[in-house]
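Student: give me a 3D structure for the following:
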Amino acid sequence: MKIPFLSFTGQHDPIRAEILAAMARVYDSHWYVLGEEVKQFEQEYAAFNSVAYVLGVATGLDALHLSLRALGIGPGDEVLVPSNTYIASWLAISYVGATIVPVEPRLLTANMDPDKLRMAITGRSRAIMPVHLYGQACEMKAIMEVAHQYQLAVVEDNAQAQGATYQDKLTGSFGHMNATSFYPGKNLGALGDAGAITTNDRSLAQHLTKLRNYGSGQKYHNELVGYNSRLDELQAAVLRVKLPYLACWTEQRQQVAAWYSKILMDVADLVLPQIAPGSTHVYHVYVVRSTRRDALQQYLAEKGIETLIHYPIPPHLQPAYQALGFHEGQFPIAEELARTSLSLPLWPGMTFEQVTFICACIKQFFATTH
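Tutor: Prediction:
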């Protein structure tokens, strides 16, 4: 049985006609930048995410970058960010010239540890960037309490967790500014790069409207040194079709995850995903951990099962950040996650038979290899 890490078939095939009709609608409109599709999607995603304002931008990284810039964060300011995250979270901080302050996660959830967050705050701290990693909501009550105590801005990185909640409140609705990505592989994915910023702050939303569009609120009147980062009309139209299906796709992801967890719960040397009290998980990826990760990945590949590692090198050890002077061993939890984590196949439409085959191979690996 050949099982890819990700398949779009279960999502895209049933809505193919709707997607093509939406793209044709854009083609026939003769309006291709910041038109009605973007406007309507922003309103629809705002309703979905229980926020007042959504600003569509070109990418998830742009969403993070422009959020920090709109908050006035720059050189001399410190931004607290997980030590284990995709590089985009760190890059956005670099783009505004601020100082990256890595905060270690809880080992069992891989999300930012609020206790370690509090210990990392200094007089130069200006913002916290919690990342809802793998699709699980961070412990936002504790994080927001820290932010309030020290008067820090919060920018959520919600790229992997659309629809997740903490204590019944949606990720992407806690922070002053929040960024999400609609990269094709995300739970709500476009057919190319796309992103958005969510906020409940009217003045910040108005500022971002200009920042994303050359610093202009009125054509040829440029009030700010802005950027060209606008959600594409075609991508907005595609996302409008997909958004109503997201809840159903999330349920399917959670069902696949439940199958994995039930079948693999007694496998020694395999750590399954753990969920923090009050958090929900929408399983952008299903990540297991093992000290024999590399051998397990190779064994599964030989059986026709594709897996990925999220992420093999933590940001502080990437060549891009060598100049910051971080060293191996400085963030041991991030490094352990990088050494031991393996993401198993998971997508809407995945069958019980596929999951049981993968689990049988995993059990066989641990039973027959040393």
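Student: number of residues surrounding residue 219?
Tutor: 8 (other CB atoms under 10 Å). In this view, the C-beta of every residue, glycine as well, is placed from N, C-alpha and C.
Student: how much space separates it from residue 208?
Tutor: Between residue 219 and residue 208 the computed distance is 17 Å (CB to CB, to the nearest Å).
Student: now the helix or strand of the chain with the lowest mean pLDDT, how far from the chain's geometric center?
Tutor: Lowest mean confidence among the helices and strands of the chain (mean pLDDT, DSSP states H and E): strand 216-218, at a mean of 92. Chain-centre distance of strand 216-218: 30 Å, with CA atoms, centre = their mean, to the nearest Å.
Student: can you map out the strands along the stretch 51-200 of the chain?
Tutor: Ranges of strands in the stretch 51-200 of the chain, per DSSP state E, counting those that start in this stretch, are 53-57, 78-82, 99-103, 125-128, 153-157, 165-166, 169-170, 177-181, 195-199.
Student: residue 283: which of the ones you listed is closest?
Tutor: Between residue 283 and the strands of the stretch 51-200 of the chain, the tightest spacing by CB to CB is seen for strand 165-166, at 13.7 Å.
Student: any chance you could list what contacts the closest one?
Tutor: Residues outside strand 165-166 that contact it (CB atoms under 8 Å, 6 or more residues apart in numbering) are 137, 138, 139, 140, 141, 171, 174, 278, 279, 280.
Student: now do 7 Å
Tutor: If you take CB atoms under 7 Å, 6 or more residues apart in numbering as the criterion, strand 165-166 is touched by 137, 138, 139, 140, 141, 171, 278, 279, 280.
Student: same thing with stretch 116-124?
Tutor: Here stretch 116-124 makes contact (CB under 7 Å, 6+ apart) with 76, 77, 78, 80, 101, 103, 104, 128, 143, 146, 150.
Student: which pair in those has the greatest spatial separation?
Tutor: Of all pairs drawn from the contacts of stretch 116-124, the widest gap by CB to CB lies between 76 and 104 and measures 24.0 Å.
Student: now do the helices in the stretch 1-150 of the chain.
Tutor: 9-12, 16-29, 36-49, 60-70, 87-95, 114-119, 140-150 (DSSP state H, counting those that start in this stretch).
Student: re the thing from before, and the least confident helix or strand of the chain, what does it pack onto?
Tutor: Judged by 3 or more CB pairs under 7 Å, 6 or more residues apart in numbering; DSSP states H and E, the packing partners of strand 216-218 are helix 202-211.
Student: now do the longest helix seen in the chain and helix 36-49, the angle between them.
Tutor: Criterion DSSP state H: the longest helix present in the chain is helix 246-264. Helix 246-264 and helix 36-49 are oriented at 50 degrees to each other (axes from the mean of the first three to the mean of the last three CA atoms, to 10 degrees).
Student: give me the buried positions along helix 246-264.
Tutor: Neighbour-count burial for helix 246-264, counted by 16 or more other CB atoms under 10 Å, picks out 246, 249, 250, 252, 253, 254, 256, 257, 259, 260, 263, 264.
Student: what sits up against that helix?
Tutor: Applying CB under 7 Å, 6+ apart, the set of residues contacting helix 246-264 is 11, 162-163, 187-188, 270, 272, 282-283, 286, 344, 346, 348-350, 352, 355-356, 359, 362.
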